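Student: My questions concern the predicted model and sequence given below.
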Amino acid sequence: MEKTSRDFPDILPTAIESININCEPVLSGSRGIVKYKYWTFNYDAIEKELYESENICDTIHKYFFFEKNPLSLEEQAYPLSYGLVIYKDIVQVLLELSIFYQPQNVYCITVDQGASKIYKKFVENLPKCFKNIKTFYLSGTDLPLRTNLEMVRIMKALNGSINTDVEQFEQDRYRIMEVIF
């Protein structure tokens with residue numbers, strides 16, 4: 001099995017401690033630092049590159065890290081399944097997916113009708129990059145509150161049962177809603 005990010009727990013603290021950080025420019029408000037105060041992440045440039053890329057797999061991996069091997073034997077032996085309903089912000093979707101992605105899990109992604117044609121086409125091509133992208137329900141902007149290993153242990157403890165709640169839509173819920181000003 002190849003090494004994963006969990007195989008190096010002793011290196012990270014040492015590496016962080018060895019970084020020479022000079023806080024003086026921050027404390028004194030130097031011009032070079034002040035410009036970073038107003039910096040914002042440009043999702044549009046990455047999105048444009050993703051949509052226009054001839055090889056979306058390479059472009060995805062240029063910006064986002066996806067584990068290539070299970071992080072533990074326990075997780076490998078107990079793969080999970082995730083379902084996502086998405087319709088916008090492909091950069092955010094890929095960022096969030098990369099955070100909880102594990103190669104042994106299965107991901108079922110549904111694109112809402114409201115999505116643009118280019119968005120739908122891009123998502124349709126994701127299985128070319130990830131053989132396990134094809135169910136736990138997540139909306140496109142939610143993140144799991146547990147690690148993959150914690151979820152494996154919870155699912156094993158539930159012994160095949162499902163802990164979910166789905167209710168009929170209340171047609172008149174807007175009529176009875178209180179408005180607070």
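Tutor: All right, it came through fine.
Student: can you confirm I99 is in a strand?
Tutor: No: using DSSP: H, G, I helix; E, B strand; the rest coil, the assignment for I99 is helix, not a strand.
Student: For it, give its distance to T147.
Tutor: The spacing between I99 and T147, counted by C-beta to C-beta, to the nearest Å, is 10 Å. For glycine as for every other residue, the C-beta is placed from the backbone atoms N, C-alpha and C.
Student: these two touch, right, N148 and F100?
Tutor: Yes: assessed by C-beta atoms under 8 Å, N148 is found in contact with F100 at 6.7 Å.
Student: Between the two, point out the one with more neighbours.
Tutor: Neighbour count, other C-beta atoms under 10 Å: between N148 and F100, N148 has more, with 22 against 18.
Student: Flag the shaky bits of this protein, pLDDT-wise.
Tutor: For the chain, the stretches with pLDDT under 70 are 1-17, 135-142, 162-166, 169-181.
Student: can you tell me how far L71 sits from C57?
Tutor: 22 Å.
Student: Comparing the two, which residue is more hemmed in?
Tutor: Legend: neighbour count by other C-beta under 10 Å for L71 and C57, higher for L71 (18 against 13).
Student: now the helices: where do they sit in this protein?
Tutor: Taking DSSP state H as the criterion, the chain contains helices spanning 11-17, 24-28, 31-37, 43-52, 56-63, 73-77, 90-100, 117-124, 148-158.
Student: Most tightly packed of these?
Tutor: With neighbours taken as mean count of other C-beta atoms under 10 Å, the helices of the chain reach their highest mean count in helix 90-100, at a mean of 18.
Student: just checking, K156 touches A77?
Tutor: No: if you go by C-beta under 8 Å, K156 and A77 don't touch, sitting 9.6 Å apart.
Student: Extract the C-alpha trace of stretch 111-127 and format it as CSV.
Tutor: Provided in CSV are the C-alpha atoms of stretch 111-127 (Å, rounded to 0.1, in the frame of the first residue of the first chain):
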residue,chain,number,x,y,z
VAL,A,111,-26.9,17.7,-11.1
ASP,A,112,-30.0,19.8,-10.6
GLN,A,113,-32.0,21.0,-13.6
GLY,A,114,-31.2,24.6,-12.8
ALA,A,115,-27.5,24.0,-13.7
SER,A,116,-26.0,25.5,-16.8
LYS,A,117,-25.2,23.2,-19.8
ILE,A,118,-21.5,23.7,-19.4
TYR,A,119,-21.8,22.8,-15.7
LYS,A,120,-23.7,19.6,-16.5
LYS,A,121,-21.2,18.6,-19.2
PHE,A,122,-18.3,19.1,-16.8
VAL,A,123,-19.9,17.0,-14.1
GLU,A,124,-20.8,14.3,-16.6
ASN,A,125,-17.0,14.0,-17.3
LEU,A,126,-16.0,13.5,-13.7
PRO,A,127,-16.1,9.7,-13.9
